[in-house]
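# mind looking at a prediction? Sequence and model below.
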Amino acid sequence: MATVDMDPEVARGLFEEGATVVLLGVPEGTELGIDYKSWQVGPRFRGVKMIPPGLHFLHYCSSNAPDRGGETGPRTGLFLTLKPREILLAHWDPKEEDLDFSATQNEDEVGRVRAVLRDLDPFLGPYPYEVMRKWVSLTDRVNQELATRLQPLSGRVCAFSDVIPELQLTHTKDRDEQNLPRNDTECQSMKEGLDRLPRMKPREGTELRFSPIPRQTYPPGATPAQITQCSLDLSYALDSLLEKHHQQQPLNVLGELQFAFVCFLIGNVYEGFEHWKRLLALLCRSEEAMRQRRDLYLGLIAVLYHQLGEIPPDFFVDIVSQDNFLTSTLQDFFQFASGPGVDGTLRKRAEKFKAHLTKKFRWDFEVDPDDCDPVVVELPDGVTLD
């Protein structure tokens, strides 16, 4: 780990007041990082020191020995909220290829580590303060309570989901009942083979616990006109999500947007990107909410400003259709933000953000939408257009 050039007095203060994560037994060559920076572990590594108090994301990838190819495994991470002068202690579990933090609960063992902390200093890498501002800008809406609620019950955010079959089919009779091929049965096409594979589900406790995006965008008993309106303006669906999952703190939905983005950007979890897309679309296409929730949308602009600076602009382009889902989503947002009843400060902030994105990414938000395209809505059972 590289050292950080800073004033000796500042460094001494950070060493005394900053938190320390002591990681013992981590194999050489393991990729390990905190927040927005990662390193390859060397033979002298024993942890990270001078960590500023607050929320952090510790992440790591196990690695084969060089004589076995030196390949790294999928990334695993966990969110930590650290206090001043706190010491977290973990041992590497070679069988699970994971960090075991149970030693942190042993006050005697932590006390022994604290007593020799100065002796450990040469083996502790300093927190990368050069990326601290960027990390804070990406997570300033995420607190430990929210992170704990959203991360898997296992406490680990894993790049690849741990999945198991929905049904345990151990006998030929079981496979026949599910229309699955026997070992001696050949499929006639790839589609047939994929269709006949066992259905999989995440292992209990390993799935991210994002707030489900409402499937029904209209209230019960809605008329066809109301259904159409609620399909164009998703405010009812947004209000439903906020009431169910963020009732006490509606602005926590911005923290969830940041949490999903960090899980994708740093944790390499594609599910995080998919949830970020769906949640962003819900927020950007809620016209009435934009008039009613000024602070939420001012916060959304600030969150997006920092997030969009971290990903190349062509990342959002669909490789099949060449459409940029983000420009179409934000086009709706900017259109609604310029509408009647929107707070003047929000309108001006949206105009500046639009100009910033147009200049930086050359995204065109002025293309006229095809208003002639029909809007397809699903009617509830028993409702007709007669």
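Yep, that arrived.

# can we go C-alpha only for contacts and neighbour counts from here?
Will do.

# show me the domain layout of this protein.
For the chain, automatic domain parsing gives the domain ranges 8-139, 163-202, 224-361.

# confidence-wise, which of those domains is weakest overall?
Across those, domain 163-202 has the smallest mean pLDDT, namely a mean of 59.

# beta-bridge partners for T76, please?
Y60, C158 (DSSP bridges).

# burial measure for it, as a count.
By other CA atoms under 10 Å, the residues close to T76 number 23.

# hang on, F325 packs against F316?
Yes: with contact defined as CA atoms under 8 Å, F325 reaches F316; the gap is 6.5 Å.

# wait, which of the domains of the chain is closest to G155?
Evaluated with CA to CA, the domains of the chain place domain 8-139 nearest to G155, the distance being 6.2 Å.

# what residue lies at the spatial centre of the chain?
With distances taken as CA atoms, centre = their mean, the chain has A260 as the residue nearest its mean C-alpha position (2.2 Å).

# list the contacts of that one.
272-273, 275-276 (CA atoms under 8 Å, 6 or more residues apart in numbering).

# reformat these as JSON lines; add distance to Q229.
As requested, the contacts of A260 are exported to JSON lines (distance: CA to CA, whole Å):
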{"residue": "G272", "distance to Q229": "29"}
{"residue": "F273", "distance to Q229": "28"}
{"residue": "H275", "distance to Q229": "24"}
{"residue": "W276", "distance to Q229": "24"}
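
# now, among those, which is nearest to S211?
Closest approach between those and S211, by CA to CA: H275, at 9.0 Å.

# for the closest residue to the closest one other than its chain neighbours, give its distance to R141.
In this structure, H275 finds its nearest non-sequential neighbour in A260, 6.6 Å apart by CA to CA, 6 or more residues apart in numbering. Counting by CA to CA, to the nearest Å, the separation of A260 from R141 is 12 Å.

# with L357 instead?
For L357 relative to R141 (CA to CA), the value is 22 Å.

# C284 too?
Per CA to CA, C284 is found 18 Å from R141.

# these two: which has the busier surroundings?
Using other CA under 10 Å, the more surrounded residue of C284 and R141 is C284, with 24 against 19.

# now the helices for the stretch 151-300 of the chain?
Assigned helices in the stretch 151-300 of the chain, in chain order: 172-177, 190-195, 224-232, 235-245, 252-265, 270-284, 287-292, 294-307 (criterion: DSSP state H, counting those that start in this stretch).

# just these: most buried one?
Comparing the helices of the stretch 151-300 of the chain by mean neighbour count (mean count of other CA atoms under 10 Å), helix 252-265 comes out on top with a mean of 23.

# and the angle for it with helix 294-307?
Note on geometry: by axes from the mean of the first three to the mean of the last three CA atoms, to 10 degrees, helix 252-265 and helix 294-307 are set 10 degrees apart in direction.

# how many other residues sit next to A350?
Residues lying near A350 (other CA under 10 Å) number 21.

# give me the element it is part of.
Using DSSP states H and E, A350 falls within helix 344-361.

# got the domains of the chain as a markdown table, with distance to E145 columns?
Output for the domains of the chain, formatted as a markdown table (distance: least, CA to CA, whole Å):
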| stretch | distance to E145 |
| --- | --- |
| domain 8-139 | 10 |
| domain 163-202 | 23 |
| domain 224-361 | 10 |
